[in-house]
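Peer 1: 3D, please:
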Amino acid sequence: MTLQYTAAALASETMVLAHQVCVDSIPTSNFEDIVGTGVTASQKTMQILENVEYIVATGAALRSPINRISLFRKTR
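Peer 2: This next block holds a predicted model:
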């Protein structure tokens, strides 16, 4: 059950990280506001990919035969 909570927390964090970086751009004059958001976006993307990796691994662990056997033994 703990693995499911972990996966849910990671999915929630991923939804927060998916917020667009360009929304935080504040224009300061009549000219185009060029803000270096590429670094921030790439850092968020790397964190999202890491979260997805952990979520997939958690799902695989929950579906593994070893996990089912250990759960079966605990219920008896």
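Peer 1: where in this protein is pLDDT low?
Peer 2: Low-confidence segments of the chain (pLDDT under 70): 22-36, 66-76.
Peer 1: let's see that with 90 instead.
Peer 2: Within the chain, the stretches with pLDDT under 90 are 1-4, 6, 18-42, 58-76.
Peer 1: now the helices for this protein?
Peer 2: Using DSSP state H, the helices of the chain run over residues 2-17, 38-63, 65-75.
Peer 1: can I get those helices in JSON lines including mean neighbour count?
Peer 2: C-beta here means a position set from N, CA and C on the backbone, and glycine is covered the same way. Converted to JSON lines, these look like this (neighbours: other CB atoms under 10 Å):
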{"stretch": "helix 2-17", "mean neighbour count": "13"}
{"stretch": "helix 38-63", "mean neighbour count": "13"}
{"stretch": "helix 65-75", "mean neighbour count": "9"}
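Peer 1: how far away is the closest residue to residue 44 other than its chain neighbours from residue 64?
Peer 2: Closest residue to residue 44 apart from its sequence neighbours, by CB to CB, 6 or more residues apart in numbering: residue 17 at 4.9 Å. Distance check for residue 17 against residue 64: by CB to CB, to the nearest Å, it reads 28 Å.
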